[in-house]
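Q: Coordinates only, no sequence provided:
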């Protein structure tokens, strides 16, 4: 314990002291010493006069520093003993955060849900789930933001409506009615921070829903991230197979699930569209059992061959919780989406959103409303749709040239496609994906997104790469497959 | 059931049909009729040729409409029977959302947490919890946003780090170290959507913490919204009294709580600062029991008489979860804050944030980083601090003039102050607040924020009103009190 006083105390050096803010510097040095255990409880601080002299400072500087430390409870003035370090401060080390790799409950394979760094040596990242971020309409966004800040009221910047700003809900309800056939007015819609938040808010809704069970039937293959998000909340999931017509709805009754989560417009990862018969069967199950249909309107904006099928919600607004986001149309980093619950679950969903974060940030909501209302969002969609169609066509052509045994599954839509290999029954897609990575190409093995075993496949995200790069990637896959 | 075919079907009128988009119009009309039960299962759609003639449209328009409806599973083509409405569509009505008043689990009294409309006849809203939104630096925000969008990488717009963007964490960690004495580097910090989200994420942390209990001790009086947010998550709370030195820490051991939530820098609603002895006692409790201290750094930026006391976290980073936001310094509508957990809870907090919404929107994060790094945020704070100090002084002077029996509690800080009435022991502050409202002045009765009964008081938020209005409000309170 250093009782010598003066500037030797804590090895404070006059030439290290800043020209201004000497008090704050002194406070911080003592705080650090206490927190790191270099100054133990009971240790005496040097007399203010001595330390001030040694530091070439006025005594008031040191007095003020000791006063601030006393305010914080770090030191106490003892009669006859001067100022000493307080006795009850835990001598804990400075925080040393856990490394990020150990941080997430999700394995790093699920790129759409958790960003993993691109492995070394990879120059062609075809991970699915991310749109062409280079196409993000930056100029239109800034213009809209300027208009929003010029027009917003002061109250708009205050605590807002947990359902989302009325302006966005109004514009969004009209846009969803026009493009997705949705039957919901502005007051029925709840703005969310993406589909991931809808899934996080599902727990209380399942408890409130009248369905028989609280397990959620999920598509198999289907989004691994969605399954794991539900698991984190303690919501059990039951896999139901997906075939060329989408979810095998006939298996729903036996699943015992009280809800089903599905991607009817463009299934992830198989790319199929739920067939008319299956749509009817899913809704019949909901009607007969009181089950809840959670419709993740994944990718619906990106159909290249013809207009997308309307949302399931349009046929049965009383049974369907419809949810979507701008993650695939604009950018995932916006964390902006919507949920339209059945009327009997609306209050519960708003309460859950309120309890989660009081509602979303207002400025991005108003900017999106501006982009939707001005038509800028539709223009952006048309532009990227044309570009992405060309990219998909490039992959399909390259597959014919370099992977003649592979089959492109699903419809001409979305940001990704699934390749299967019917002529290669023993193929292990995780090995194939690893070899592809060694050749510099990142793709998802289909088995990452499966619960139960099934045929091998590769999921290729093509939205973010120009055609030449996609051709090169497929050519390398062809060499890897041999 | 209308089997007459042609345009009589659904009372479709040729002059109501839009000049363009006839197919979409037709699809929507049939969808609505099915969803509303006007077209029952089995009902026949008119032959395409007949309807097309009656509408003056090409037959292809109607064929395409029926095809889309079939894709959606709403109608089926039956051999010999033409196209009929499918049999299994639940005939549920269009959604009719519950009214907002029934929506929230919080009573509308807690204005800082849930915005309630200002009651009719109120022209002086002194509800606490909202800063001067007229001072929001709109021009600086737009400038920063333009710079951000010019400089951000494409990857910045993708799925981000659930802890928040590294740029904001870096700038924020330095700013918190400088202004609040925080001992945490960028990797220890987690960006959150305001303190409300920190509270929502607390559940899993309490399970993971090593403390004896999972109940949370809360200040009484204290934030009603915070108590109710914890209650929504099923986290029990235990009230611990607050006196002129802040939380009565001596009552913590007997409370059985595993954590304590408190506002040491400027207690809400009493306005007191946690005394040095109490700071030591709280940290001693944490050290002795392994309890978690949740430090809501409420209002800390707004001290008018001298620099604020450093954060509790600075003294015991291993025991304190520090959390704060820009809701009081910039605007609550930004939904942007931070949490610095003890190192052993860091992974759990990141996992909880990831499961909640995958992390926050990136653009507001980068804009705040820009404002912090450029000094624009500090300039804004200095400006509003000067203005708010004048407003507080105006209230204090008006209280002396018009409410001579009232006492202004707490230190010269923050956005609100508490008035008590020592000479009026029988006073019912809810009656007083109601009469004030009838006189056009909105204030909070202290008892709204109490768990256990105690002396009457009024909480006045002064940040958002100019001095003249504040004087008028206090004068009216004086007349009401008589």
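A: Looks like it came in fine. The structure displayed is predicted, hence computed values, not measured ones.

Q: any chance you could map the strands in the stretch 351-482 of chain A?
A: Under the criterion DSSP state E, counting those that start in this stretch, the stretch 351-482 of chain A contains strands at A:407-409, A:416-420, A:441-442, A:444-445, A:457-461.

Q: Go through the ones you listed and pick out the most buried.
A: Stretch with highest mean neighbour count among the strands of the stretch 351-482 of chain A: strand A:457-461 (a mean of 27; mean count of other C-beta atoms under 10 Å in any protein chain shown). Backbone N, C-alpha and C define where each C-beta goes, glycine included.

Q: Within its sheet, name the partner strands of that strand and how each one runs.
A: Strand pairing for strand A:457-461, determined by DSSP bridges: strand A:416-420 (antiparallel), strand A:444-445 (antiparallel).

Q: so how far is the last one off the chain centroid?
A: What it means is strand A:444-445. 20 Å (C-alpha atoms, centre = their mean, to the nearest Å).

Q: how much space between residue A:335 and residue A:171?
A: Distance, residue A:335 to residue A:171, using C-beta to C-beta, to the nearest Å: 18 Å.

Q: With residue A:50 instead?
A: Distance of residue A:50 to residue A:171, given as C-beta to C-beta: 69 Å.

Q: Among those two, which residue is more densely surrounded?
A: Taking other C-beta atoms under 10 Å in any protein chain shown, residue A:50 and residue A:171 do not tie; residue A:171 has more neighbours (22 against 16).

Q: ok, now how distant is the more buried one from residue A:186?
A: From residue A:171 to residue A:186 the distance is 8 Å (C-beta to C-beta).

Q: Ok, residue A:414 next?
A: Distance from residue A:414 to residue A:186, by C-beta to C-beta: 28 Å.

Q: who's more crowded, those two?
A: Between residue A:414 and residue A:186, counting by other C-beta under 10 Å, residue A:414 is the more crowded of the two (29 against 17).

Q: For the closest residue in space to that one that isn't next to it in sequence, which residues are in contact?
A: If the residues on either side of it in the chain are set aside, residue A:414 comes closest to residue A:299, at 4.0 Å by C-beta to C-beta, 6 or more residues apart in numbering or on different chains. By C-beta atoms under 8 Å, 6 or more residues apart in numbering or on different chains, the residues touching residue A:299 are A:263, A:265-266, A:268, A:328, A:413-415.

Q: Now with 10 Å, please.
A: For residue A:299, the contacting residues are A:129, A:131, A:263, A:265-268, A:271, A:308, A:324, A:327-329, A:413-416, A:463, by C-beta atoms under 10 Å, 6 or more residues apart in numbering or on different chains.

Q: Residue A:144 too?
A: Counting by C-beta under 10 Å, 6+ apart, residue A:144 has contacts A:137, A:366-374, A:376-377.

Q: tell me which residues of the helix or strand harbouring it are tucked away?
A: Assessed by DSSP states H and E, residue A:144 sits inside helix A:138-151. Across helix A:138-151, burial judged by 16 or more other C-beta atoms under 10 Å in any protein chain shown covers A:140-146, A:148-149.

Q: just checking, next helix/strand downstream of the host helix or strand of residue A:228?
A: If you go by DSSP H and E, residue A:228 is part of helix A:224-232. Later in the chain than helix A:224-232, the nearest helix or strand by DSSP H and E is strand A:237-243.

Q: Please state the offset of the helix or strand following that next one from the chain centre?
A: Next along the chain after strand A:237-243, taking DSSP H and E as the criterion, comes strand A:246-247. Distance of strand A:246-247 from its chain centroid, counting by C-alpha atoms, centre = their mean, is 25 Å.

Q: any bit of strand A:246-247 sitting next to chain B?
A: No: between strand A:246-247 and chain B, judged by C-beta under 10 Å from any C-beta of the partner chain, nothing touches; the nearest distance is 11.0 Å.
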